[in-house]
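Undergrad: take a look and give me a structure for this.
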Amino acid sequence: MLPTHSKKGEETFPFEMDHLPEFAIKKCEVEQKETPEKKLKALQEVREFLRKNQKTSDIDFHDDFIVQHLRKSKYDVARTCKSIHNSVITRSKHIEEFRSIEDEYFSSKNSIKWIRFLPKRCPDGCAVTLLQFGKWDPNELEFMDLKRMAITCYIQLMRDPMTQINGIKAIFDFEGTSFQHFRYATPLNLLLYYNMAFLTNCIPGRYKAVHIINESFLLKPVWIFFKQFLSPKLWRRVHFHPNVANLLEYFPRSALPAEYGGDLTDLSDKDWIRKANKEHRSNSFGGQPNFY
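TA: I've put the predicted structure just below:
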């Protein structure tokens, strides 16, 4: 797959990749300290820990799944062992959340459009998720299924080496949200999200930025509560925008939807999410192989 160019001359890669471009391989060597020799040695050390650990000894972990955690920790073996151990504990406590949604929902419920992956990556290789919470109708799609969709999408997204290395950026659009949405932003649910994404690294993503647009006044108390759990490094990556035009300061026009001032008019990614949902049924505590 070849990169395309934005109007500013910046290269953008497609969301769906089938190989690692040279810059990503070099980036992995420099930022995540990965070499073939170090990778092999680290895999052996992590497997030895998992074999001796009571919680993980009976689980058949896929090499690609272990490497996801190694890349997240920049090849710190101790941190990797801890994050995999924690992911097993977290998942065992939330079995229902880790299930796929019903396949027929993709043809019967409009609410599934609340989460999308933009068809182009940022010039730095980051995948971009678009979460439009106002498109979720709690009366149509149960909150449990919303959680399942989020977990499924992010776990499956991490099977892409391009995303493992470069990370994820997210756009949170709160247009059309009301109390019927924010009533689910309870401390318990917010802490579950924090634990999975950051504390336990159950989903070992590199979260590079969150951009919040069309902010609701109901978001302020939620952010005040949630911010206290984030490190300064993380909360400095959260950007509140007074208008959608500000997104163009952070994303090339070619990578943004037309409704946000960009060039993208076709955001059809339902097939990818539907396929990811289907493949997630085979996802176990030991993970799955990479896409390529």
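
Undergrad: every contact and neighbour count from this point should use C-alpha atoms.
TA: Fine.

Undergrad: quick one: residues contacting the residue nearest the centre of the chain.
TA: For the chain, residue 154 is the residue whose C-alpha lies nearest the centre (CA atoms, centre = their mean; 3.9 Å). Residue 154 makes contact with residue 203, according to CA atoms under 8 Å, 6 or more residues apart in numbering.

Undergrad: that's a strand at residue 211, yeah?
TA: Yes - with DSSP: H, G, I helix; E, B strand; the rest coil as the criterion, residue 211 is part of a strand.

Undergrad: can you read off the pLDDT for it?
TA: Looking at residue 211, its pLDDT is 99.

Undergrad: residue 10 too?
TA: pLDDT at residue 10 comes out at 66.

Undergrad: coming back round to it: can you pull the buried residues of the helix or strand in which the residue nearest to the centre of the chain is found?
TA: Here residue 154 sits within helix 143-157, counting by DSSP states H and E. Within helix 143-157, the residues scored as buried using 16 or more other CA atoms under 10 Å are 145-157.

Undergrad: next, residue 91: secondary structure please.
TA: Residue 91 ends up helix, using three-state DSSP.

Undergrad: can you give me the strands for this protein?
TA: Secondary structure of the chain (DSSP state E): strands located at 4-5, 11-12, 115-117, 127-132, 168-173, 207-213, 238-240.

Undergrad: which other helices and strands contact the third one?
TA: Think strand 115-117. For strand 115-117, the packing partners by 3 or more CA pairs under 8 Å, 6 or more residues apart in numbering; DSSP states H and E come out as strand 127-132.

Undergrad: cool, the fourth one as well?
TA: For strand 127-132, the helices and strands in contact under the criterion 3+ CA pairs under 8 Å, 6+ apart are strand 115-117, strand 168-173.

Undergrad: figure out how far the helix holding residue 154 is from the centre of its chain.
TA: Distance of helix 143-157 from its chain centroid, counting by CA atoms, centre = their mean, to the nearest Å, is 10 Å.

Undergrad: what's the average pLDDT for stretch 239-252?
TA: pLDDT averaged over stretch 239-252 gives 97.

Undergrad: and it, how far apart are its ends?
TA: Taking CA to CA, to the nearest Å, stretch 239-252 runs 17 Å from one end to the other.

Undergrad: identify each buried residue in that stretch, please.
TA: 247, 251-252.

Undergrad: need these in TSV (columns: distance to residue 63).
TA: Output for the buried residues of stretch 239-252, formatted as TSV (distance: CA to CA, whole Å):
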residue	distance to residue 63
247	37
251	34
252	35
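
Undergrad: for the residues you listed, which one is nearest residue 277?
TA: residue 251 (27.9 Å; CA to CA).

Undergrad: spatially nearest residue to that closest one, not counting backbone neighbours?
TA: Spatial nearest neighbour of residue 251, excluding adjacent residues (CA to CA, 6 or more residues apart in numbering): residue 122 at 6.7 Å.

Undergrad: shouldn't the one you found be in contact with residue 13?
TA: Yes - counting by CA atoms under 8 Å, residue 122 does reach residue 13; the two are 7.2 Å apart.

Undergrad: per-residue confidence for residue 267?
TA: For residue 267, pLDDT reads 84.

Undergrad: ok, it - how many residues close by?
TA: 14 (other CA atoms under 10 Å).

Undergrad: and it, what does it touch?
TA: 116-119, 257.

Undergrad: give the buried subset of these as a ChimeraX selection command.
TA: Those of those that count as buried under 16+ other CA under 10 Å are selected in ChimeraX with:
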select :116,117,118,119,257
